[in-house]
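# pasting the sequence and the predicted coordinates here, then a few questions.
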Amino acid sequence: MATLVVTALYAVIFLWVSAGYLRRRDPLLRDVMLIFASVASFFALGVVRLVAEPPAVVRGLVAACVLGQPFLTLRLVSRVRRVPRWAQGGAAAAWAASAVVVVLLGPPLPARYGLPVVAAAFVVEVAAAVLLAAEARRRGGAARMRLACAAIGTALFGVVLVAAGAGRALHEVALVLAVISALMYMSAFVPPRPVRRRWSSGAAYALIRRMLAAPADATAEDIWRDYCRAARDILGIDAVLVLVREPDGTVKPVCDLGSEPRGEPYAEEDLRLLLARAGLIDALAGWSDPPRIAVDLARATGTRYVCATALEGSGGALLLLRRHRTLFADDDMALVAELAGQAGALAHRADVLAERERLAVIVEASDDAVMSKTLDGTITSWNGGARRLFGYAAAEVLGRRAHMLFPAGQEGVEDDVLARVARGERVSQLEVENRRKDDSVVPVSLTSSPITDAAGRPTGVACITRDVGERQRAEAMFRGLLEGAPDAILGVGEDGRIVLLNAEAERMFGYRRDELLGQSIEVLVPGSVRAQHTRMRHDYFADPQRRPMGGGTALTALRKDGSEFPTEISLSALRTDQGVIVSASVRDVTERVQAQAERERLAAQAERDALDRRMQHTRRLESLGQLAGGVAHDFNNILAVVASYTELLTETLDEPQPDPADLAAARNDLAQIGRAIERATRLTKQLLAFGRREITQTQVLSVNHIVGDVEQLLRRTLGEHIHLITHLDRDLWPVCADPGQIEQVLVNLAVNARDAMPAGGTLSIDTGNTHLDEDDVAEYPDVSAGRYVRVRVSDTGTGMPPEVAERAFEPFFTTKPQGAGTGLGLATVYGIAASAGGHVRLHSEPGIGTTVTLVLPATDAAVPAPGDTGPGEAAPEPGSPRETILLVEDEDALREATGRALTRAGYRVLSASGGAVALRLAEEHPGPIHLLLTDVMMPVMMGNEVAARVQRIRPETPVLYMSGYAQPVLTENGTLPEGVVIIEKPFTRQALLDRVRARLLKSSDL
């Protein structure tokens, strides 16, 4: 009976394992099936022997199979953990030797053979049991208990083999131990599910306890890592990983290895292929085409075998990874997967808490006031923005009614908002006034939303309050800028109706604001282009692009009164919640168009004036040519006289004993040369006066005095056949001019008048005061309005035709016969008048006479009283030099002549050919230098620069300039500055000595 029980037990185990192997062809189940097949065959032989004795060969083969059970068990252990190869080889050799002995000798074996065979099997069996127990120790949960049962069953079966080898004496003991071993194997390989769950409960409790010990602020990833670490420690698994879905749809591994395996993120398809592989996956067996996730994670964790199961709810997966195959992984996987759901719930809770914390941080950091209230208005939460906006701390408002935030008399606004929210409405951006803690009022935008329960019923109020004071100020500023804009601004909707306009649009188009709002924009467009404008408007709204002012063609707008005016328009589009609104800035360019027309008119006038100026320039060139020809003609004549008489003098002086008559003639020759030089001097002065380059020494004077001084000279010059009449205004205003130049003007005009009256006539000179206004100065170029002194010279001569009068002031233009005049008389008058700030006009009619009118600006200064000018001190005698004069002249001959003249007069002369030599003499001369006599126009260094630098060396040295062209030392109006003294070239010896002496006396007086 005992044999039947034992046989039945092992048969049940064998059949159960065989069924599992058929469902899932796991090599471990195959090894277990072989183990129990060998044991079951031994007990099946015992049952057969109860009926009939089998042959010896059969008994030997069955015994050989039973003796292989220890080796098969050790081989099974080597699949789940590392077993030395020598141990496996020794077990295999012991089994092979035992099988040969048993098959050849047949059971029962003699003691000398049976004892070694049984001992070898026992040793291998005990080694397998010890290894199973060690594996059980490092495992947890149901796997630990099942491996422990397998270890006990294996050890007991080894004892069974020893007892069976002892013969009939221990047969009963062997049967009892075999029953116990079978029960242990059944507990290990086919335990009831409630027993397995009970065995798993301890590990589950430990795992749950570790999970619940996670910090409250732990993140979802932290919880998953703690879960993987706890599962690995408690269950003794090499690695535990969780595949978590990311928001972007990818799959991310989370484990307890310190850092997750690196690599590209996994797609959902990779996870699906992993979960489609049931059972244990050999990730390193390439021939089995393992999923990519399994291969990557196995390599990253240093493992090989992967068990994967889906996690309910999270959409992820749980992975158990081992270096070796494992027994009893189903219970562990079910336990870890079941508790993974709890970990997922904790992770989800962590995500929710983290999200709530983020929202709380956002709410607390918001500049808006965020609060929650009950349906009756009691405040239940209060953020930092509310504290900053209203000035209340949270403790001051929590539990109080929100009516406290409204000014007195406006509490009804809060009641109305609460009633609407209680009905499930949402109140958006209601602009009201709230009251701060300091009783100040702030404009706010109030948004209130219902807080609902699971059934959707309102249970509270969420309120966001925003300070809109700044926005209102900005809107007021915008309205101010809009209303103050210089251009008309119109806002037009997609339907073409006006939705916005400013004050300038009202003024420009003549409509009131209420008359234009809602009207079609075409009301402002002339009827002739209204249809075209409508098409253009539709095209613009289809593709609105910014168009700057003036970027389009010229446009015309229509006022309310029907008048049209030119405009420029800029366009820009703004997308709003009410659709596209186009902002049109309209600018009235009427004045610009008129100004443009005026500019075009002026440009045409300027072109005509330019043409006139070109014609005048041509005439000037002709005049300059005539001037050059006249100057050349007159100077050639003068030079011819000088050359001829110089040759005659040279011939006379070359004679050893000149004839007295020749000497007398030589004196006449010198007189002719002197007269030629005077003539050249007058011509040069006329040219300088004409070109406004004459040296002008102005003073305040009365023109009446000048007329009186030259009247006798004029009477002698005109002759007895000319009657001279003067009419002088006794109250004549003074002028500021050079008296010599005014005399020259009168003489030139009188001479011209005499030549125009060969048969006699009347010459009248009259003076008077006049005021020139704006209309008058239009006739006088370069003259401004004001007080003027008028000098009018009229004759009763032959007069001039218009074409001659037009050219009268041109240089060297003359109607006189050849040699009778230079043609510079009137040109000189014109130059003197212009340099004095006045003007001259000529009016002439043939047969009637000519009138020349000169106007000079009057001055407010008084005319100085005439004083006696006694004779100056005589020049020093020759041979008794007293003063030292530094003479600077770049012309060698003139420097030599001037130096000789000064030396003969008794002065000590230091001669210098230029500025550098003069400065050296000024520094090196041991005695004083009483006067610097310098030319104005010199190369390298002008005379005024020489004077300035010499006076820096010798500040007490006065300066006398000499030049015929003194422009560098003149002021802008051609006069000498105060304190500047000059002698004009050419000068005579006596004029030079007088001017030098006068300058020395004046400096000594100072």
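Looks like it came in fine. Fair warning: this is a prediction, and the values are worked out from it, not measured in the lab.

# tell me how far residue 392 lies from residue 412.
Distance, residue 392 to residue 412, using C-beta to C-beta, to the nearest Å: 22 Å. Placement of C-beta: from N, CA and C, glycine included.

# between these two, which is the more surrounded one?
In terms of neighbours (other C-beta atoms under 10 Å), residue 392 is the more surrounded of residue 392 and residue 412; the figures are 18 against 10.

# doesn't that one belong to a helix?
No: according to DSSP: H, G, I helix; E, B strand; the rest coil, residue 392 belongs to no helix; its state is coil.

# now the one helix or strand residue 714 maps to: mean pLDDT?
Here residue 714 sits within helix 703-718, counting by DSSP states H and E. What helix 703-718 shows for mean pLDDT is 84.

# after that helix, which helix or strand is next?
Next along the chain from helix 703-718, counting by DSSP H and E, comes strand 722-727.

# so what secondary structure elements neighbour that next one?
For strand 722-727, the contact count by 3 or more C-beta pairs under 8 Å, 6 or more residues apart in numbering; DSSP states H and E identifies helix 703-718, helix 739-756, strand 761-772 as packing neighbours.

# next, the angle helix 739-756 makes with that strand.
140 degrees (axes from the mean of the first three to the mean of the last three C-alpha atoms, to 10 degrees).

# any idea how far strand 722-727 is from the chain center?
Remark: strand 722-727 is offset 84 Å from the chain centroid, using C-alpha atoms, centre = their mean, to the nearest Å.

# and for stretch 276-292?
Averaged C-alpha coordinates place stretch 276-292 at 59 Å from its chain's average position (C-alpha atoms, centre = their mean).

# can you confirm residue 421 is in a helix?
Yes: under three-state DSSP, residue 421 falls within a helix.

# contacts only, for it.
Counting by C-beta atoms under 8 Å, 6 or more residues apart in numbering, residue 421 makes contact with 375, 427, 448, 449, 450, 458, 461.

# out of those residues, who's the most crowded?
Neighbour count (other C-beta under 10 Å) singles out residue 461 as the most crowded of the contacts of residue 421, with 25 neighbours.

# got the buried residues for the helix or strand where that residue lies?
Residue 461 is part of strand 458-467, with elements assigned from DSSP H and E. For strand 458-467, the buried set under the neighbour-count rule, 16 or more other C-beta atoms under 10 Å, comprises 458, 460, 461, 462, 463, 464, 465, 466, 467.

# could you grab the helix/strand/coil label for residue 399?
For residue 399, the assignment made with three-state DSSP gives coil.

# please report the distance of the nearest residue to it once chain neighbours are set aside from residue 398.
Sequence neighbours aside, residue 378 is the residue nearest to residue 399 in space, at 6.4 Å (criterion: C-beta to C-beta, 6 or more residues apart in numbering). Distance of residue 378 to residue 398, given as C-beta to C-beta: 9 Å.

# now swap in residue 901 and tell me
Distance from residue 901 to residue 398, by C-beta to C-beta: 118 Å.

# more neighbours: these two, which one.
When residue 901 and residue 398 are compared for neighbours, residue 901 comes out ahead with 18 against 14, by other C-beta under 10 Å.

# so where's the stretch 201-350 of the chain shaky on pLDDT?
201-218, 220, 234-235, 256-264, 312-314, 326-350 (pLDDT under 70).

# ok, now with 80
The stretch 201-350 of the chain contains residues with pLDDT under 80 at 201-238, 246-249, 255-265, 278-280, 286-288, 311-315, 322, 324-350.

# what ranges do the helices span in it?
Along the stretch 201-350 of the chain, the stretches classed as helices by DSSP state H, counting those that start in this stretch are 220-235, 268-276, 292-301, 329-365.

# try the stretch 551-700 of the chain
Under the criterion DSSP H, counting those that start in this stretch, the stretch 551-700 of the chain carries helices at the ranges 590-654, 660-690.

# circling back: pick the one among the buried residues of strand 458-467 closest to residue 434.
Distances from residue 434 to the buried residues of strand 458-467, taken as C-beta to C-beta, are shortest for residue 465 (6.7 Å).

# which strand residues bridge the closest one?
residue 369, residue 446 (DSSP bridges).

# quick one, what contacts it?
368, 369, 370, 371, 386, 389, 434, 444, 445, 446, 447.

# now swap in residue 545 and tell me
Applying C-beta under 8 Å, 6+ apart, we find residue 545 in contact with residue 573.

# let's see 7 Å
Contact analysis of residue 545 by C-beta atoms under 7 Å, 6 or more residues apart in numbering lists nothing.

# centre of the chain to the strand holding residue 461, how far?
Offset of strand 458-467 from its chain centre (C-alpha atoms, centre = their mean): 42 Å.

# state the mean pLDDT of it.
91.

# kindly export that strand (C-alpha atoms) in PDB.
Extracted in PDB, the C-alpha atoms of strand 458-467 (Å, rounded to 0.1, in the frame of the first residue of the first chain):
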ATOM      1  CA  PRO A 458     -21.600  74.100  -7.400                       C
ATOM      2  CA  THR A 459     -20.000  73.800  -3.900                       C
ATOM      3  CA  GLY A 460     -17.800  77.000  -3.900                       C
ATOM      4  CA  VAL A 461     -16.500  79.900  -5.900                       C
ATOM      5  CA  ALA A 462     -13.000  80.300  -7.500                       C
ATOM      6  CA  CYS A 463     -12.300  84.000  -7.900                       C
ATOM      7  CA  ILE A 464      -9.500  85.800  -9.800                       C
ATOM      8  CA  THR A 465      -9.100  89.500  -9.300                       C
ATOM      9  CA  ARG A 466      -6.800  91.600 -11.500                       C
ATOM     10  CA  ASP A 467      -5.700  95.200 -10.900                       C
END
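
# and the next element down the chain from that strand?
Downstream of strand 458-467, the next assigned helix or strand under DSSP H and E is helix 469-484.

# who are the packing partners of that following helix?
strand 441-452 (3 or more C-beta pairs under 7 Å, 6 or more residues apart in numbering; DSSP states H and E).

# just want the angle from the strand it packs on to helix 469-484.
Counting by the same axes, to 10 degrees, strand 441-452 lies at 120 degrees to helix 469-484.

# ok, the closest residue to residue 180 other than its chain neighbours - how many residues close by?
Spatial nearest neighbour of residue 180, chain neighbours left out: residue 156 (5.6 Å); criterion: C-beta to C-beta, 6+ apart. The number of residues packed near residue 156 is 22, by other C-beta under 10 Å.

# could you name the helices and strands sitting against whichever strand or helix holds residue 156?
Per DSSP H and E, residue 156 falls inside helix 141-165. Packing partners of helix 141-165 (3+ C-beta pairs under 7 Å, 6+ apart): helix 69-80, helix 111-138, helix 171-189, helix 193-212, helix 329-365.

# could you list the buried residues of the third one?
Burial within helix 171-189, assessed by neighbour count using 16+ other C-beta under 10 Å, is assigned to 174-175, 177-182, 184-189.

# quick one: buried residues of stretch 506-526?
Neighbour-count burial for stretch 506-526, counted by 16+ other C-beta under 10 Å, picks out 506, 508, 509, 511, 516, 520, 521, 522, 524, 525.

# and the contacts of it?
The contact list for stretch 506-526 (C-beta under 7 Å, 6+ apart) reads 488, 490, 492, 496-498, 501, 530, 533-534, 556-561, 564, 586, 588.

# over to residue 983: give its phi and psi.
Note on residue 983: backbone dihedrals following degrees, to the nearest 10 are phi -120, psi 130.

# check contacts around the closest residue in space to residue 913 that isn't next to it in sequence.
In this structure, residue 913 finds its nearest non-sequential neighbour in residue 890, 5.9 Å apart by C-beta to C-beta, 6+ apart. By C-beta under 7 Å, 6+ apart, the contact list for residue 890 reads 913, 914, 935, 938, 939.

# need the pLDDT of residue 890.
Here the pLDDT value assigned to residue 890 is 90.
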